[in-house]
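Participant: Turn this into a structure:
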Amino acid sequence: MLGWFSARIFLGPAQRRLAGRGLPILAYHKIGAPPRGTTDPFLYVSSRRFDAQLAALRRCGYSPAPLTNVLSGEGRAGEGVVITFDDGCCSVLEQGLAALSRHRFTAIQFLVAGSLGRTNEWDAAKGDVPERLMDEVQVREWLAAGHEIGSHSATHRNLRHLSPAQAREEISGSKKALEDRFGREVRHFSYPYGSFNPAVRDLVVDAGYRTACTMRFGVNPPGTPPFELRRIIPLSSPETLAKVWHRLGRKLRAERGSVGA
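Facilitator: Have a look, this model is predicted:
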């Protein structure tokens, strides 16, 4: 898998050819330096690098595109890009809002409806460093700046592991909660952990969303199923390789621990 871009070589020929095949959707999580002890440093991007990435996108002729462009087919491949954030971390507002404004990009933040103003407890439960999540006031600041919100479920549980009734509440309940709280339609969904199956996908459709994002790698040409949208994590090729080794190492350590237990 090729990384999307690096700090030195941004949107080279291979990446431009890929983007020319369909609408790219970039998947971010947290902005800032990875804290000591984090189990996944690759979910962080520094504010300086995020600014540089947006600047490079502009230099290459890319403009912000909403997720509804996937449905309408508006714009030509290689021109638009969708910027997404999962979880609703405060760091995105505090360290990313200025860069988005400076380079005239808009983004969508997928919120965990039941965790506004709290922390990413689903990560902390696995030993990761807690991150503060935006509260209602901060979400309203995000919206006032011209950005969008979507749902990332009610409590960030793996929807494939839930009963149909539980999954429905995570999907439909979070949509209603966010719409009631912020007074605007929530049209887009992001599967927690990128995990879904046909039954989960159908519940998202039934809830009235218009699109849903996965963590499958790739771009989205015309005809892409709107509830199985692919995304790209903005890592260089060396970083992608380092991430693979990092995750393999974690898996091996966990297996050794279970054997010795």
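Participant: low-scoring pLDDT stretches of the stretch 1-150 of the chain, where are they?
Facilitator: Scanning the stretch 1-150 of the chain for pLDDT under 70 picks out the ranges 1-20, 72-78.
Participant: show me where it has helices.
Facilitator: 13-19, 47-59, 68-72, 90-102, 121-124, 136-144 (DSSP state H, counting those that start in this stretch).
Participant: any chance of the ones you listed in a markdown table, plus distance to His161 and mean neighbour count?
Facilitator: Quick note: C-beta positions are derived from backbone N, CA and C, even for glycine. As requested, the helices of the stretch 1-150 of the chain are exported to a markdown table (distance: least, CB to CB, whole Å; neighbours: other CB atoms under 10 Å):
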| stretch | distance to His161 | mean neighbour count |
| --- | --- | --- |
| helix 13-19 | 32 | 14 |
| helix 47-59 | 33 | 17 |
| helix 68-72 | 28 | 16 |
| helix 90-102 | 27 | 19 |
| helix 121-124 | 13 | 16 |
| helix 136-144 | 28 | 15 |
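Participant: Tell me which of those lies nearest to Tyr191.
Facilitator: Proximity to Tyr191 (CB to CB) singles out helix 121-124 among the helices of the stretch 1-150 of the chain, at 13.3 Å.
Participant: in the stretch 151-261 of the chain, which spans are helices?
Facilitator: Using DSSP H, counting those that start in this stretch, helices in the stretch 151-261 of the chain cover 164-168, 174-182, 198-206, 237-260.
Participant: looking at those, which one has the lowest mean pLDDT?
Facilitator: Ranked on mean pLDDT, the bottom entry among those is helix 237-260, at a mean of 44.
Participant: Now do the contacts for the nearest residue to Gly32 once chain neighbours are set aside.
Facilitator: Leaving out its chain neighbours, the residue that sits closest to Gly32 by CB to CB, 6 or more residues apart in numbering is Ser91, at 4.8 Å. Ser91 is in contact with Lys30, Ile31, Gly32, Glu131, Arg132, counting by CB atoms under 8 Å, 6 or more residues apart in numbering.
Participant: Report the two members of the residues you listed separated by the largest distance.
Facilitator: Taking CB to CB, no two of the contacts of Ser91 sit farther apart than Ile31 and Arg132, at 12.3 Å.
Participant: Overlap in contacts, these two.
Facilitator: In contact with both Ile31 and Arg132: Cys89, Ser91, using CB under 8 Å, 6+ apart.
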